[in-house]
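> turn this into a model:
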Amino acid sequence: MKEYFVDDSEGLEVSDDATPVDFLCAIYRDAKQPMHRRLKAACEAAPYCHPQLKATAVILGSDFAQRLELAVKRTEPALIEARAEPSD
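Predicted structure coming up:
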């Protein structure tokens, strides 16, 4: 049987084995809490409740420095050499 911690001044019930995220969830779900407190708790809990989208690159073959140098060479503008023609 779970025991609950009850804060009479705030009217919040949280089990003794609650995690910090459980505590934050209890705060933002409690309609008796002020909206600013509920919003702050929701913002703090969100990263732990929703996955984050991340991208990673896998580079196979040559080392990163060599691939970077090749990419820089590909983006360099082509040099146009202009020579003055001799005048008659």
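
> residue 40: what secondary structure?
Judged by DSSP: H, G, I helix; E, B strand; the rest coil, the three-state class of residue 40 is helix.

> give me the number of residues near it?
15 (other C-beta atoms under 10 Å). No exception for glycine: its C-beta is placed from N, CA and C like everyone else's.

> below-threshold pLDDT in this structure: ranges please.
Applying pLDDT under 70 to the chain flags residues 1-11, 59, 78-79, 88.

> which residue ranges form the strands in it?
Ranges of strands in the chain, per DSSP state E, are 4-7, 12-15.

> gap between residue 12 and residue 49?
19 Å (C-beta to C-beta, to the nearest Å).

> so for those two, which residue has more residues nearby?
A count of neighbours by other C-beta under 10 Å puts residue 12 above the other of residue 12 and residue 49, at 16 against 10.

> what sits opposite that one in the beta ladder?
Applying DSSP bridges to residue 12 yields these beta-bridge partners: residue 7.

> wait, doesn't it sit right on residue 37?
No: applying C-beta atoms under 8 Å as the test, residue 12 and residue 37 come out as separate, 10.1 Å apart.

> could you name every residue contacting both of the two?
residue 27 (C-beta atoms under 8 Å, 6 or more residues apart in numbering).

> leaving out the residues flanking it, which one is nearest to residue 27?
residue 41 (3.9 Å; C-beta to C-beta, 6 or more residues apart in numbering).

> burial count for residue 26?
Quick note: residue 26 (other C-beta under 10 Å) scores 18 neighbours.

> which non-adjacent residue is nearest it?
Once flanking residues are discounted, residue 26 sits nearest to residue 14: 5.1 Å by C-beta to C-beta, 6+ apart.

> any idea how far residue 29 is from the one you found?
From residue 14 to residue 29 the distance is 11 Å (C-beta to C-beta).

> between these two, which one's more packed in?
residue 14 (18 against 11).

> am I right that that one is in contact with residue 22?
Yes: look at residue 14 against residue 22 with C-beta under 8 Å: they come within range, at 6.8 Å.

> measure the spatially most central residue of the chain to residue 46 for me?
Among the residues of the chain, the one closest to the centroid is residue 52, at 5.9 Å (C-alpha atoms, centre = their mean). To residue 46, residue 52 is 10 Å away according to C-beta to C-beta.

> thank you kindly, that will do.
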